[in-house]
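**Q** Mind looking at a prediction? Sequence and model below.
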Amino acid sequence: MSGTPVVRIEALHKSFGPLKVLKGIDLEIGQGEVVGIIGPSGSGKSTLLRTVNRLEEPTSGRIFVHGEEITRPDTDIDKVRGKVGMVFQSFNLFPHMSVVENVAVALRKIRKLPREQADAIARRRLDEVGLLAKAEARPAGLSGGQQQRVAIARALAMEPELMLFDEATSALDPELVKGVLTIMSGLAEGGMTMMVVTHEMGFAREVCDRVVFMDAGQVVEQGPPAQIFGSPSSPRLRDFLAQVL
Ligand code: ADP
Ligand code: MG
């Protein structure tokens, strides 16, 4: 990998009480790389992503974004969240705000931009996800797929250096999945660095540069999609693929 990685995860451990959820994760993600994270339910995928966005504190280990440690106790968490955008399975939009306000609010509150400037950026981002026409609507008036596209626009509005997706399409009706995956593919093609936890094996195979298989809090195997799906070497990955493919 050339240059400073966008993300470097070093010996990351996370426990909830006696439960060891992450058991020594080491991972580097290069500029523009799209890394798919697959693995059984409960293997620690969400916890891994959440620590990269500082939604969880590591028990031990360190995480760097562009060489800057974000796991120090004195880290400015708002600054981390500005650099690292996250999209969740549940869209987490503010129900009482319009779509454009949802996208603009962090620009005003965290970036301290004046309303007009924040709204202009928000509208540009909504246009990119095909939802400018819905700017004044409330989230409840949108389909799940549209709400998720708003959530993506909201994350992009902060101009993140890295985007985290945690099963972004898992809560969607089947016919709405494709629109969200198309937006994610477009971001990947545009050079965004991405960590994508997904059950969409087609996406992992076709869009990801690298696929990481996690099981029981560890990275068991990783490699290019052709290798992970075509010639998995560990029995645990083979079992997992036999169940999902
Ligand atoms: P995955 O996303 O791969 O399904 P998670 O990271 O959500 O896995 O969870 C891994 C394990 O950690 C599970 O056993 C889950 O119940 C546990 N866990 C996750 N978050 C918490 C929490 N806040 N408190 C206690 N246990 C948790
Ligand atoms: Mg999860």
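**A** Received the coordinates, thanks. Ligands and ions are numbered 1, 2, ... in the order given.
**Q** all helices of this structure, in order?
**A** Per DSSP state H, the chain carries helices over the ranges 45-52, 77-83, 99-109, 115-128, 144-157, 174-189, 201-206, 225-230, 235-244.
**Q** Give me whichever of those helices is most buried.
**A** Here the criterion is mean neighbour count by mean count of other CB atoms under 10 Å, and of the helices of the chain the winner is helix 144-157, at a mean of 24. C-beta: built from backbone N, CA, C; applies to glycine.
**Q** Could you check which residue of this structure lies nearest ligand 2?
**A** Closest residue of the chain to ligand 2, CB to the ion: Ser46 (3.1 Å).
**Q** With just CA atoms, put the lowest-mean-pLDDT helix or strand in the chain into PDB.
**A** One helix or strand of the chain scores below all others by mean pLDDT, DSSP states H and E: helix 77-83, with a mean of 90. Only the C-alpha atoms of helix 77-83 are listed here, as PDB (Å, rounded to 0.1, in the frame of the first residue of the first chain):
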ATOM      1  CA  ILE A  77     -15.200  13.400  18.600                       C
ATOM      2  CA  ASP A  78     -17.000  15.900  16.500                       C
ATOM      3  CA  LYS A  79     -13.900  16.300  14.300                       C
ATOM      4  CA  VAL A  80     -13.700  12.500  14.000                       C
ATOM      5  CA  ARG A  81     -17.300  12.200  13.000                       C
ATOM      6  CA  GLY A  82     -16.700  15.000  10.400                       C
ATOM      7  CA  LYS A  83     -13.900  12.900   8.800                       C
END
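**Q** who are the neighbours in contact with the residue of the chain positioned farthest from its centre?
**A** In the chain, Glu116 marks the outermost C-alpha relative to the chain mean, sitting 28.3 Å out by CA atoms, centre = their mean. Glu116 makes no contacts at all, as judged by CB atoms under 8 Å, 6 or more residues apart in numbering.
**Q** separation between the residue nearest in space to the middle of the chain and Gly230?
**A** When CA atoms, centre = their mean is applied to the chain, the residue found nearest the centroid is Leu164 (1.4 Å). Applying CB to CB, to the nearest Å, the value for Leu164 to Gly230 is 27 Å.
**Q** just Val220 next, same as before
**A** In this view, Val220 and Gly230 are 17 Å apart by CB to CB.
**Q** Assess the claim that Ile63 and Arg8 are in contact.
**A** Yes. Using CB atoms under 8 Å as the test, Ile63 is close enough to Arg8 to be in contact (7.2 Å).
**Q** Of these two, give the one with the bigger neighbour count.
**A** For Ile63 versus Arg8, the count of surrounding residues by other CB atoms under 10 Å is larger for Ile63: 25 against 18.
**Q** Next up, the contacts around Cys208.
**A** Val34, Val35, Gly36, Ala188, Val196, Pro225.
**Q** near ligand 1, which residues of this protein?
**A** Phe16, Leu19, Val21, Gly39, Ser41, Gly42, Ser43, Gly44, Lys45, Ser46, Thr47 (CB under 6 Å from any ligand atom).
**Q** what residues are up against the last one?
**A** Spelled out, that is Thr47. Contacts of Thr47 by CB under 8 Å, 6+ apart are Lys14, Val21, Leu22, Glu56.
**Q** which residues sit in contact with the closest residue to Ser15 other than its chain neighbours?
**A** In space, and not counting its chain neighbours, Ser15 is closest to Thr59: 4.9 Å by CB to CB, 6 or more residues apart in numbering. Taking CB under 8 Å, 6+ apart as the criterion, Thr59 is in contact with His13, Lys14, Ser15, Leu22.
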